[in-house]
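# Let's see this in three dimensions:
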Amino acid sequence: MKISSLAELKKELSYLNEKELIDIIVELSKFSRDNKSFLFFKLFERENPRVFIEMVEEEIGMEFAKANTKHYHYAKKSAQAIRRKLNKNLKLTKDKTAQIELIIFFCKNLKLYGYLDFRHPVIDNLYKVQVGKAEKLIASLHEDLQYDYKSILEEL
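Residues are numbered from 1 along each chain as shown. I've put the predicted structure just below:
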């Protein structure tokens, strides 16, 4: 089965009326939790853009709190799992400042909970990659915002 291109799908969607579009969107949201959360954030992010950041920070903060850091192996696995959750949530927003704030939150928690104390190469590399992502996103922002976020990043 050949799947149509995005342009073809967009064209077909333009022919549908409002009720049919709503039905398709609701049906799509039932397929996976990711689709449902994406729809939720797109609908409610317009009213309060901070709600997305707060919810993701709360979720990631709980993951850090319940993670096992008694041994470097468990700490590494926990950090990788939390990073996967972070990356999944970063895909839900196109707002670069929100992405930067979430990445900085993740990095701060890696330091706070002592993950970097293990000096494990996987954990260190995971941290460096996230800092690199943040630097890359910061470079694409306005100069005033760049200065603010660079000072925060230097602390890390």
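
# How about Ser78: what's its closest non-neighbour residue?
Ala67 (3.7 Å; C-beta to C-beta, 6 or more residues apart in numbering). Yep, even glycine has a C-beta here, placed from its N, CA and C like the rest.

# quick one, phi psi at that neighbour?
phi -70, psi 150 (degrees, to the nearest 10).

# surely it meets Lys76?
No - judged on C-beta atoms under 8 Å, Ala67 makes no contact with Lys76 at a distance of 10.6 Å.

# can you tell me which residues contact the residue nearest to Ser78?
Listed by C-beta atoms under 8 Å, 6 or more residues apart in numbering, the contact set of Ala67 reads 74-75, 78-79, 81-82, 113.

# For Asp124, state which of the residues you listed is nearest.
Ala79 (10.3 Å; C-beta to C-beta).

# Buried ones in the strand or helix carrying that closest one, by neighbour count?
Secondary structure from DSSP states H and E places Ala79 in helix 72-90. For helix 72-90, burial by neighbour count (16 or more other C-beta atoms under 10 Å) applies to 75-76, 78-79, 82-83, 86, 89-90.

# residues touching the most centrally placed residue in the chain, list them.
Computing the C-alpha centroid of the chain and ranking residues by C-alpha atoms, centre = their mean puts Leu90 first, at 2.2 Å. Applying C-beta under 8 Å, 6+ apart to Leu90 gives the contacts 99, 102-103.

# Which one of the residues you listed sits in the busiest neighbourhood?
Greatest neighbour count in the contacts of Leu90, by other C-beta atoms under 10 Å, goes to Ile103: 25 neighbours.
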